[in-house]
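>>> Need coordinates for the below:
(chains A and B)
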Amino acid sequence: MWPAVQDKEEKMAEDKGKTSRRDFLKGAAMGLAGGALATMAVYSYSPWRKRHFAKVERKLADIGVCKSLKIANISETSWFDNATLMGDIKGAGGLLVNQYDYNWPPFGDGTGLGKGSYEKGIAKIKHLLPDRLEEAWEIIAPNSVHPDNAGGYAALLEVEELDGKKRKFLLDTGWSYKWTDECFKREGIDKMLANREIEALFISHEHFDHFWGLPVTLKYDPTITIYVPDGFYPEGLKYVKDSGHKGKLVKVEPGLKKHIPGMASFVFAIPIICRVYGEQSLYFNVKDKGLVSVTGCCHQSIIQFAETAYREIKYENDNLYGVYGGLHISPFEDWDPKYDDLVISLGKYGFEKIGCNHCTGILCAKKFIAAGYPVVRGTARFLSKDTAYLGNGDKISFGV
Amino acid sequence: MEMERYGTNYLEERKLVKRWKGPTPAIVCLIFTLAIFYATWWIFQDPRGWMRMYTPYVGYSYTRWWLIVLIWMVYIFNYWPFRRAWLEKAHPLLKGVVLTAISVGVLYVLIKGFFEGLVGNYGLAYFNPKQLLKLPGITEFFAIEYAALACLMFAAIASWLSPAWIVACEEAPWQDLRQPAKGISIWLVTFFLSTLIFFMTMHSHMGILYFPWQYFTSIAPPYWEKFANTVSGNFHVSWIMCCTVSVWLVETIWERFPFSLIRRNSLRRLVAFFGIIAIAFAMHFFLYFAQELTWGPAIRGTRRVFAPDWRWLHVGEMAVFFLVPALFITFYCGNWPRKYSLPVNVLIRTAITLFAASLLYIFYYKTSHLFLGTQKGFSHPQQFPMIPTIWLIDIWLAHHWFMDNWPGWKMVPKTADEIARDHAEHEAMLRDIKWNPALGWGIGAGAVAGVALYFVTVWVLPFLYHAIPIIK
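Prediction:
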């Protein structure tokens, strides 16, 4: 036997003679690992584990009640061709590239896909914002990647209070100046803004298709109050200024914020593709009906939004009544089994009126219909592609 | 004439001699490998970098398969066809460049030739983006992503089974064959098993990616739906990644303990193979529970941190964080400590690994969006911590296996005496663990302490999570 090994073994034997402490420690080490691993295996996914979960305590915050809500879909078509948009995203380096770097309108600087920046892009058009948008678009178009593919998302919300008073709000402000302005004119938003009929603009999140058309809103009402979710990047905040905004800008912290009786917003601190953070969605408590959830893209998921409502606020009949907006399921007509989880689960929440569109995806709307959910069909006008969901120019009302 | 051994037992029979005293070699190697990591990350993966392969999953697929190709070359084929003399005498840099280039070549042929070309064109369309593009409405981006997803799901299984046949089954029954016969035999059986398990765990996930569900070719809804609370194959990604991590924990910081205590070969191999799976399931369930304790129970159908499918995926992601410090301890710290009995050494290393992995987890989520170009947050659909962690592990494997830890260490072949002494020491270490009443009392007391530790951890986790704000 090797001397070193022999020494070691003799020493072990000596130790053993003196005390059993060393063996006890060896055993304890083995037992500790074994005991912990065995409990991990047996207990961690057993029904017993549920005793450790905190009971959901409903906060039942009172956001008041409104009589009704009408929504006009100004535009749900954020881009006109999926393949073109996804080709740009892939070509620029994927879904995590900073959205200001894609060289999409309005920040095109002529250097090509994936090589742009906010600073270089805005420098070309800043002097024209917000009033000379047609001139700005003439500069933007030749310098941008696929300018004609840009559309945008925007909706007009009309809330009727219990006393009959009607109040108007904008949710999001599109992307392409050209398309957004065209849609605003089609729905009369231009005049409502100019007449100061619209009280505030809620930006759901910083994504290009919901936010970059801001100068179109400001062209008609530069003083409008803007609510953005916490998490906007410096470029986004600068864009609000550079677009010629002269009104109040409110950064809404994560959580619930009441606005008028029956209307509240909720900001979710969540990461979103193309380097965006945070989403703001809206709740409306409609008299005798229940809660209506209105979303831009609902990156937090409609079920999370419904669960949050259940935890946070009090609503009529304790009923989740309706939904409007993008539900961010298959925006590019892609699919993933996790979306099936949503389709399977949504039925349990009992929504009575589902007005979905935009990033919900036509494929998902068809799956909702196949599952027997009360999806409100659209008319597929103004470049919306399918009647499976509410298209451009379509309207939906809750409590009317 | 002596028979050519290629790299059989090369790793055990090489002596790595420190070029400098103390921790300097480990620090130098860490800086060296991190520099390579960051440069290659920028070139291949970073969404702000050159090739930007991070999305749609292409870089992820290559990263995982590179890991497996390295395992094939070293563990299964023992560096064949490279001769032992070359392995022992060539400069580590030359070896690193040559062997890495070969591994990348194999990787390319495997993905483009085997998966996309052969399987994707003549078997399963979802392995080939061009075939997927024939589907109406699918964009090129998602055609690429689906194909890469199928490829990387296969890789997850292969990354468990390929090393498991060596670590647990000890190459049986082909351990006495020469290379390349041994390598081919083990490669074939592990690849076959990987294919089988792929069909049983991942094929249904791929089958329900399409509308309508592919009822006639895959089980839909998948059989795990009720148990896992999701139809997503991420449930399997979770336990399979835990298997991968368990194999390497057993091989590195555990020195194949406790399975090495079993003297009968066949029993030891069987217990080790299934024991690794059992350990993986313990991790699989516990890491899911840990998320329930910190974020609350999952809600089916929701997105991000509350979605059960993401929670399962995150189990796999968390598990890989454990692998990073474990490999560092073995590769660059000489599997410190070594002075106590084997169980105590193993326990201390495991505790260090757990602590270091927790710190790494916090560090990653606090900073990765700043220096890796990923998105801030835990659960972004394009946030894949497994890419950078496995990419770093790949680099460490290439550095440790191909470059003998250059420049921190110098490789000197062990003499026959030194090899014999190693074996004797190992045997003595195992003989040191013999049944006696003190050991029995220790095991009993330890088991009680283990159960107590579990419940203390369960109690403390929510407080810890709220006390340490990771993402503001």
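
>>> Let's verify residue A:156: helix, strand, or coil?
Three-state call for residue A:156 (DSSP: H, G, I helix; E, B strand; the rest coil): strand.

>>> So it sits against residue A:72, correct?
Yes: under the criterion of C-beta atoms under 8 Å, residue A:156 makes contact with residue A:72 at 4.3 Å. The C-beta positions use only the backbone N, C-alpha and C, and glycine is treated the same way.

>>> between these two, what contacts are shared?
Residues touching both residue A:156 and residue A:72 (C-beta atoms under 8 Å, 6 or more residues apart in numbering or on different chains) are residue A:187.

>>> So those two - more neighbours on which side?
Counted by other C-beta atoms under 10 Å in any protein chain shown, residue A:156 and residue A:72 do not tie: residue A:156 has more neighbours, with 21 against 18.

>>> which stretches of the chain have low pLDDT?
No chain was given, so I picked chain A. Residue ranges of chain A with pLDDT under 70: A:1-19.

>>> meant chain B, my bad for not saying
For chain B, the stretches with pLDDT under 70 are B:1-2.

>>> Compute the number of surrounding residues for whichever residue of the stretch 301-400 of chain A sits closest to chain B.
Here the stretch 301-400 of chain A gets closest to chain B at one residue, residue A:345, 2.9 Å apart by C-beta to the nearest C-beta. Look at residue A:345: counted by other C-beta under 10 Å, it has 17 neighbours.

>>> how far away is it from residue B:461?
Separation of residue A:345 from residue B:461 (C-beta to C-beta, to the nearest Å) stands at 27 Å.

>>> Residue A:118 now?
41 Å.

>>> Tell me which of the two has more neighbours.
Between residue A:118 and residue B:461, residue A:118 has the larger neighbour count (other C-beta under 10 Å), namely 20 against 17.

>>> Hmm, the more buried one is touching residue A:242, no?
No: with contact defined as C-beta under 8 Å, residue A:118 does not count as touching residue A:242 (9.0 Å).

>>> Can I get stretch A:54-73 in CSV? Just the C-alpha atoms.
Written as CSV, here are the backbone C-alpha positions of stretch A:54-73 (Å, rounded to 0.1, in the frame of the first residue of the first chain):
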residue,chain,number,x,y,z
ALA,A,54,-51.3,33.0,1.5
LYS,A,55,-55.1,33.3,1.3
VAL,A,56,-56.1,35.8,-1.4
GLU,A,57,-57.4,38.8,0.5
ARG,A,58,-59.5,40.9,-1.7
LYS,A,59,-58.8,44.6,-1.3
LEU,A,60,-62.1,45.6,-2.9
ALA,A,61,-61.0,49.1,-3.7
ASP,A,62,-63.9,51.3,-4.7
ILE,A,63,-63.4,52.9,-8.1
GLY,A,64,-66.9,54.0,-8.4
VAL,A,65,-69.5,53.1,-11.0
CYS,A,66,-70.2,54.4,-14.5
LYS,A,67,-73.4,54.0,-16.5
SER,A,68,-71.9,52.8,-19.7
LEU,A,69,-68.9,52.5,-21.9
LYS,A,70,-68.7,52.9,-25.7
ILE,A,71,-65.6,52.1,-27.6
ALA,A,72,-64.8,53.1,-31.2
ASN,A,73,-62.0,51.2,-32.8
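
>>> chain center to it: distance?
Taking C-alpha atoms, centre = their mean, to the nearest Å, one finds stretch A:54-73 lying 18 Å from the centre of the chain it belongs to.

>>> how's chain B carved up into domains?
Chain B breaks down into these structural domains: B:14-434, B:437-472 (assignment by automatic domain parsing).

>>> buried residues in the shortest one?
Counting neighbours by 16 or more other C-beta atoms under 10 Å in any protein chain shown, one finds that the buried residues in domain B:437-472 are B:438-439, B:441-443, B:445-447, B:449-451, B:453-454, B:457-458, B:461-462.

>>> Now do that domain: distance to the chain's middle.
That offset, for domain B:437-472, works out to 25 Å (C-alpha atoms, centre = their mean).

>>> Many thanks, have a good one.
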